[in-house]
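**Q** got a predicted structure here, sequence first:
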Amino acid sequence: MTSTVTKTSETPAQLIRQALRHERRNLLFRRISRNQLLVSGGVIFAFMLLAAVLVPIFLGQNPLSVDPANRLQAPGGIHILGTDTFGRDLLSRILAGGRSSLLIGCLVAVFSSVLGLVLGLYSAFYRRTGAVLMRIVDGLMAFPAILLAIAIMAALGAKTSNVIIALIVVFTPHVARVVRAAALVVKTQTYVEALNALGAGPTRILWLNVVPNLMSPLVVQATFIFADSLIVEAALSFVGAGVPAPAPSWGNILYEGKTVIYNGWWMTVFPGLAIMLTVLSINLLGDGLRDLLDPRQVVAR
Amino acid sequence: MLLRVKELRTRFATDRGEVTAVDGVSFEVAPGEIVGLVGESGCGKSVTAESIMRLLDERSTRYSGEVLLDGVDLFGLTADQMRQVRGGSVAMVFQDPMTSLNPVYTVGNQLEEAILLHQRVSREQARALAERALAETGIPAPASCLRRYPHELSGGMRQRVMIAMALSCRPKLLIADEPTTALDVTTQAQILDLIAELRDGSNMGTILITHDMGVVAEVCTRVVVMYLGQVIEQAPVDEIFTRPAHPYTRGLLASIPSLTGDTSAPLHMIDGKVPTLWEVPKGCRFADRCPFAEPACRDDAPELLPVDGDRSVRCRRHSELPEWAGVSHV
């Protein structure tokens, strides 16, 4: 009988561990579900993402197939959102454009976050390197984002991969600034000195101990860069320095729509709406994440 | 002798020129001894400790003198060798337990990291060692404490964790930089007891930095009093309290508030304020605030000279001073 008892009962340590884990998971869930910004942003963003990825499969329309007989059809019928000046299906062009816009935004957010993290981190901890890097960052940030991106595109040539490179160059300085500011605060914390006093090397201190403390400002900054890069990419494509035709992007659909704005309103309104909704949802997500990740909120709620 | 600090000088390069924060400090720590390093804020206590461990940014700091740990000069070591010493044979506990633990990792992770830095053991062994180190500090339920994050612990518990971390690799020398300043009085007493207890169990030498003479009286065996970057008196703890030789030490003792007797009497204060490091007086550094100063004191700087055997004092008039009447309550 005693053996069955020992088999089913758990040690106090295990019970405590379970209880702690349970409590933390519940708390996290409550904080996420109470965060209206995060939830509404997340729902809209998920909707846009799923639409861009899944709907084209069911739609069965080629965003590139030209049909001159059916040019500038109003919304309705098989072309739900109408057709453009070449008779291409607008809905599938917007969705395909959304896929490339979201992919570009995502890549830009990831790469500029990583690059900005490295630059910001080392310039916070190494004063000389930092002084040089931050002056370069100041210089880059002195240009308006779009002007700088156009200049880079002019130098590199109109290609989707060059759009990504241009946007990474534009946005990395912003991340580096934020990371450096946060890292300068972490640097003065006693635990960094305590780690030194324990004999930890600089790489271990920076990457294993400082970086995790920079994650929340970094993640929040990354979402805003995602949103910003959607807008800058659309603007680039609108002025013809972005994703080259015939590949669709929200910016170049708007550009084509501009010339027919009086007889084809749908070519301006729908891609515009797509940009607005997506950027709004990402900004909401970013604000929500900032609230969620801010450690002071734990005490406040 | 475990630690021998000889003529330690620490100079910082600043925008306004070079300042000497620690100016020719010498003292010794024997195994099993607790040496109190006392003085008011800005006198160079913490810089002395950080210099011993070479924790200051070496691009803007210049050290001279010798720090001999078991006869090995720490200033002669390479950065890698120094890293082996830090946390290995010399460990440090800091003043503010609220910020001395990394908020993103559990206590267990941080203790294990400290152990893995210096000992060739597996993760599981490190975990067991971490639990043992924590248990030695008398923390209740060490196993569950290991899984907690720093913000879930009280100040006293965090300081115990810091002590466990410092002692996990069995250092020969522990430097405790105001370990009790940020804690309430009851917890202070517990932490001091713990430090004294752990010293008894090993042969570890301890440097206890503090500005609290009460803390000194409670645990220290010897006291080094610092003023403006220099040692001005050192003596066994009983001597300091019964026969303080330097006017500054006397001033420090007299300014401890009394718990008994006439509590309405104004508290003794040392006149004036500590000069900054840019305006160090030419003669005795304390002369301008000293009630016993004579013109000669302001002209040439006194040496730290031995008096009756195992104590020394930096005051040219120490033999002429009136007998120390003591403070009524000490």
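**A** On my side now, so go ahead. Remember, predicted model here, so these are calculated numbers, not experimental data.

**Q** ok, B:Leu183 - contacts?
**A** Counting by Cβ atoms under 8 Å, 6 or more residues apart in numbering or on different chains, B:Leu183 makes contact with B:97, B:155-156, B:159, B:191. Quick note: C-beta positions are derived from backbone N, CA and C, even for glycine.

**Q** quick one, phi/psi of B:Leu77?
**A** phi -80, psi 150 (degrees, to the nearest 10).

**Q** give me the number of neighbouring residues for it.
**A** 16 (other Cβ atoms under 10 Å in any protein chain shown).

**Q** most centrally placed residue in chain B?
**A** The centre of chain B sits closest to B:Ile209, judged by Cα atoms, centre = their mean, with a distance of 2.0 Å.

**Q** A:Gly116 is in contact with A:Thr172, correct?
**A** Yes. Contact status for A:Thr172 versus A:Gly116: in contact at 4.8 Å, counting by Cβ atoms under 8 Å.

**Q** overlap in contacts, these two.
**A** With Cβ under 8 Å, 6+ apart as the test, A:Thr172 and A:Gly116 reach no residue in common.

**Q** look at the residue nearest to the centre of chain B and report its pLDDT.
**A** B:Ile209 carries a pLDDT score of 94 in this model.

**Q** likewise for B:Ile195?
**A** B:Ile195 carries a pLDDT value of 87.

**Q** over to A:Gly42?
**A** Model confidence at A:Gly42 (pLDDT) stands at 91.

**Q** number of nearby residues for it?
**A** A:Gly42 has 17 neighbours, counted by other Cβ under 10 Å.

**Q** so it touches A:Gly286, yeah?
**A** No. Judged on Cβ under 8 Å, A:Gly42 makes no contact with A:Gly286 at a distance of 11.1 Å.

**Q** what residues does the stretch 151-300 of chain B have near chain A?
**A** The stretch 151-300 of chain B comes close to chain A at residues B:151, B:162, B:165, as judged by Cβ under 8 Å from any Cβ of the partner chain.

**Q** helix/strand/coil for the first one?
**A** To tie it back to what came earlier, the one meant is B:His151. Here B:His151 is helix, with the state taken from DSSP: H, G, I helix; E, B strand; the rest coil.

**Q** that one contacts B:Pro103, correct?
**A** Yes. Between B:His151 and B:Pro103 there is a contact under Cβ under 8 Å: 6.2 Å.

**Q** ranges for the helices of the stretch 1-150 of chain A?
**A** Along the stretch 1-150 of chain A, counting by DSSP state H, counting those that start in this stretch, helices occupy A:2-8, A:12-34, A:36-59, A:90-125, A:127-142, A:145-156.

**Q** now for the third one, which elements pack on it?
**A** When you say that, I think you mean helix A:36-59. helix A:12-34, helix A:90-125, helix A:266-293 (3 or more Cβ pairs under 8 Å, 6 or more residues apart in numbering or on different chains; DSSP states H and E).

**Q** okay, those helices, which one's buried deepest?
**A** helix A:90-125 (a mean of 22; mean count of other Cβ atoms under 10 Å in any protein chain shown).

**Q** now the angle from that one to helix A:266-293?
**A** Compare the direction of helix A:90-125 with that of helix A:266-293 by axes from the mean of the first three to the mean of the last three Cα atoms, to 10 degrees and you get 40 degrees.

**Q** quick one: helix A:90-125 to helix A:36-59, angle?
**A** The directions of helix A:90-125 and helix A:36-59 differ by 140 degrees, with the same axes, to 10 degrees as the criterion.

**Q** helix A:90-125 near chain B at all?
**A** No. With Cβ under 8 Å from any Cβ as the criterion, chain B is not reached by helix A:90-125; the gap is at least 10.4 Å.

**Q** who touches the residue of the stretch 201-301 of chain A found nearest chain B in this structure?
**A** The minimum distance from the stretch 201-301 of chain A to chain B, using Cβ to the nearest Cβ, falls at A:Pro212 (4.2 Å). Taking Cβ under 8 Å, 6+ apart, we find A:Pro212 in contact with B:102, B:104-105.

**Q** redo that, cut-off 6 Å
**A** The neighbours of A:Pro212, taking Cβ atoms under 6 Å, 6 or more residues apart in numbering or on different chains as the test, are B:Val104.

**Q** what helix or strand is it on?
**A** Assigned by DSSP states H and E, A:Pro212 belongs to helix A:211-238.

**Q** that helix vs helix A:145-156, what angle?
**A** On the basis of the same axes, to 10 degrees, helix A:211-238 is oriented at 70 degrees to helix A:145-156.

**Q** what angle separates the helix or strand following helix A:211-238 from helix A:266-293?
**A** Following helix A:211-238 in sequence order, the next helix or strand is helix A:250-258 (DSSP H and E). Put simply, helix A:250-258 runs at 150 degrees to helix A:266-293, going by the same axes, to 10 degrees.

**Q** list the buried residues of helix A:250-258.
**A** Neighbour counts using 16 or more other Cβ atoms under 10 Å in any protein chain shown place A:250-257 of helix A:250-258 among the buried residues.

**Q** kindly report the same for stretch B:51-71.
**A** Buried, per 16+ other Cβ under 10 Å, within stretch B:51-71: B:51-56, B:61, B:63, B:65, B:67-69.

**Q** do me a favour and get the end-to-end distance for it?
**A** 17 Å (Cα to Cα, to the nearest Å).

**Q** who touches that stretch?
**A** A:196-197, B:3-13, B:50, B:73-75, B:82, B:86, B:90.

**Q** how about the helices and strands packed on helix A:36-59 in TSV, adding mean pLDDT and distance to B:Val22?
**A** What follows is the helices and strands packed on helix A:36-59, written out as TSV (pLDDT from 0 to 100; distance: least, Cβ to Cβ, whole Å):
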stretch	mean pLDDT	distance to B:Val22
helix A:12-34	78	46
helix A:90-125	93	25
helix A:266-293	90	42
